[in-house]
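Asks: any chance you could fold what I've pasted below:
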Amino acid sequence: MRAEFAGRHALVSGGSRGIGRAIASALTGAGASVTIMGRSEDALKSAISAGAAAHYVSADVTDGPACRAAIADAARRAPIDILVANAGGAESAPFVKADEQMFGRMLELNFMSVVHTAQAVIGGMTERGFGRIVAVASLAGLKGYAYVSAYCAAKHAAVGLVRALALECEGTGVTVNAVCPGYADTDLVRESVAKIVSKTGRTPAAAMKAILGEDQERLLTPAEIAQAVLDLCNPNNKASGEAVPLYGRA
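Replies: Below you'll find the model as predicted:
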């Protein structure tokens, strides 16, 4: 429990599992009252039962009106002081096979989800003179990676949005930042390793090395990402417009 988080209401999108759940748990442990948002009520209820958060609202972050309505519902309990825009996902394909629909899905899930959630809270934060907005982006928002052009484009857009909003919010008491993690130890990555093994016959270790590439020596843990988010959410941290890269180092 940390005094600077006591009485703060935080909302975490995609907060029912994986990295989002770890972030929600870290904020709860620091003393914030946490509301998680996601699509699966069963997963949301499971996270609540495990103590990761106090409340939940259900919405698809790619649906702007539904997202704003869910956040307004959460804000009726208490104004939202902290937003962690964590919801996202990746699809891969060679650029020549990445159709318009894939680019649309990646932009909706990884970029417009940040737009929808930030627009729902930033006005109230500015009026109250305090707010912390953190987008969970990716190293793919800072550099290019082969076969995930749509995902890279969407994450670059999210980082650009963060930097632009940080300038708009100067002097308001609202900070806007991003964390940009590499690959983390999640179900999604384990599934990707299994797919590579089944398609190529590589060993799991070789498949993992191919995924990590030159940027990482190991997978990040969700807890490491959650700690970086917690640092940016800290009411005493005045940094804004940052896109913090997170590498898995031995």
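Asks: ok, longest strand in the chain?
Replies: Selection of the longest strand in the chain by residue count, based on DSSP state E, yields strand 174-181.
Asks: strand partners (parallel or antiparallel) of that strand?
Replies: Sheet partners assigned to strand 174-181 using DSSP bridges are listed as strand 131-136 (parallel), strand 243-246 (parallel).
Asks: now do stretch 173-183, average pLDDT.
Replies: What stretch 173-183 shows for mean pLDDT is 97.
Asks: how distant is the helix or strand just after the longest strand of the chain from the center of its chain?
Replies: Remark: after strand 174-181, the chain's next helix or strand is helix 187-200, criterion DSSP states H and E. What separates the centre of helix 187-200 from the centre of its chain is 22 Å, taken as C-alpha atoms, centre = their mean, to the nearest Å.
Asks: buried ones in the following helix or strand past helix 187-200, by neighbour count?
Replies: Stepping forward along the backbone from helix 187-200, the first helix or strand reached (DSSP H and E) is helix 204-212. Buried residues in helix 204-212, counting neighbours by 16 or more other C-beta atoms under 10 Å, are found at 207-208, 212. The way it works is simple: take the backbone N, C-alpha and C, and place the C-beta from them, glycine included.
Asks: pull the helix or strand with minimum mean pLDDT from the chain.
Replies: Taking mean pLDDT, DSSP states H and E as the measure, the helix or strand of the chain with the lowest value is helix 187-200, at a mean of 85.
Asks: quick one on the thing from earlier: out of the strands paired with strand 174-181, deepest packed?
Replies: With neighbours defined by mean count of other C-beta atoms under 10 Å, none of these is more surrounded on average than strand 131-136, at a mean of 27.
Asks: contacts for that one, please.
Replies: 19-20, 23, 80-86, 88, 114, 118, 121-122, 124-125, 158-159, 161-162, 165, 169, 172-179, 181, 225, 229, 232-235 (C-beta atoms under 8 Å, 6 or more residues apart in numbering).
Asks: of those, keep whichever come out buried.
Replies: The neighbour-count criterion (16+ other C-beta under 10 Å) marks 19-20, 23, 80-86, 88, 114, 118, 121-122, 124-125, 158-159, 161-162, 165, 169, 172, 174-179, 181, 225, 229, 232-235 among these as buried.
Asks: which ones among those residues are found in strands?
Replies: Using DSSP E to define strands, the subset of the buried ones among the contacts of strand 131-136 located there is 82-85, 174-179, 181.
Asks: and of those residues, the nearest to residue 142?
Replies: residue 178 (9.4 Å; C-beta to C-beta).
Asks: domain ranges for this structure?
Replies: For the chain, the structural domains run 3-183+221-246, 186-219, going by automatic domain parsing.
Asks: contacting residues for residue 75?
Replies: By C-beta under 8 Å, 6+ apart, the contact list for residue 75 reads 9, 121, 124.
Asks: got the contact list for the residue sitting furthest away from the middle of the chain?
Replies: The outermost residue of the chain, judged by C-alpha distance from the chain's mean C-alpha position using C-alpha atoms, centre = their mean, is residue 201 at 32.6 Å. For residue 201, no contacting residues are found, by C-beta under 8 Å, 6+ apart.
Asks: now the phi/psi pair for it, please.
Replies: With angles defined as degrees, to the nearest 10, residue 201 shows backbone torsions of phi 80, psi 10.
Asks: kind regards, and thank you for your time.
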